[in-house]
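# Let me see the structure of the following:
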Amino acid sequence: MDLNWVAVSWGVLSLVLIVAEILVPGAFLLWLGLAAGVLFLVTLLMPALPILAQIVLFAVFSVVFIQIYRTKYRGRTRNSDNPLLNRRADQLIGNSYVLETAVVQGRGTVRVGDAIWTVRADQDLPAGSTVRVVAVTDGMNLAVEPVA
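Modelled structure (predicted):
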């Protein structure tokens with residue numbers, strides 16, 4: 001029995017691309033690896049297929065698999081049990097804190113745990129006042145209002 005080295009080459013390329021996807025995840029090499037895997041099967045069934053036809057088929061299968069990935073999997077949103085996990089400032093909305101420094105000209109600070117946060121308010125407030133976080137501005141500044 002003669003070994004089909006072209007088929008073996010496609011099989012090895014398929015495995016290399018899939019292992020590369022595992023080592024450096026990015027959801028791209030997997031689809032190229034699957035296309036090479038299909039070419040492995042095609043060249044096993046049709047060993048006389050010219051190399052140019054194999055390359056064209058690899059390109060076609062790659063595009064098809066990538067399109068399947070883009071339409072079926074990429075656009076899906078995942079529901080999280082904790083959507084604010086990596087958005088610490090947004091976790092503070094609705095909570096009340098005591099002003100660390102007075103709000104003067106719209107700016108002051110509050111202590112949240114061991115961190116000091118910059119706050120913005122529409123009115124000046126003395127240090128020690130209790131304020132409620134109503135929004136996050138500029139990504140790291142807390143918009144506050146006085147608690148009555």
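# I'd assumed Leu99 was in a strand, is it?
Yes: assessed with DSSP: H, G, I helix; E, B strand; the rest coil, Leu99 lies in a strand.
# Show me what it is bridged to.
Note on Leu99: beta-bridge partners by DSSP bridges are Val110.
# Just checking, which helix or strand of the protein averages the lowest pLDDT?
Lowest by mean pLDDT, DSSP states H and E among the helices and strands of the chain is helix 88-91, with a mean of 82.
# on contacts alone, who are the packing partners of it?
Where contact means 3 or more Cβ pairs under 8 Å, 6 or more residues apart in numbering; DSSP states H and E, helix 88-91 is not packed against any helix or strand. For the C-beta atoms, the positions are set from N, CA and C on the backbone; glycine is no exception.
# May I have it exported as PDB, CA atoms only?
The C-alpha atoms that make up helix 88-91 are tabulated as PDB, following Å, rounded to 0.1, in the frame of the first residue of the first chain:
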ATOM      1  CA  ARG A  88     -16.600  48.500  39.000                       C
ATOM      2  CA  ALA A  89     -17.800  52.100  38.700                       C
ATOM      3  CA  ASP A  90     -21.200  51.000  37.400                       C
ATOM      4  CA  GLN A  91     -21.600  48.700  40.400                       C
END
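# Which residues outside that helix are in contact with it?
84, 117, 136, 139-140, 142 (Cβ atoms under 8 Å, 6 or more residues apart in numbering).
# a markdown table please, covering those residues and showing neighbour count.
Listed next are the contacts of helix 88-91 as a markdown table, based on neighbours: other Cβ atoms under 10 Å:
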| residue | neighbour count |
| --- | --- |
| Leu84 | 12 |
| Trp117 | 21 |
| Val136 | 18 |
| Gly139 | 8 |
| Met140 | 10 |
| Leu142 | 26 |
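# So which of the residues you listed belong to strands?
117, 136, 142 (DSSP state E).
# tell me the contacts of the first one?
Yep, that's Trp117 we're talking about. By Cβ under 8 Å, 6+ apart, the neighbours of Trp117 are 89, 92, 109-111, 140-142.
# and of the ones in strands among the contacts of helix 88-91, the nearest to Gly128?
Checking the ones in strands among the contacts of helix 88-91 against Gly128 with Cβ to Cβ, the nearest one is Trp117 at 16.1 Å.
# Can you check the pLDDT for that closest one?
We note a pLDDT of 92 for Trp117 in this prediction.
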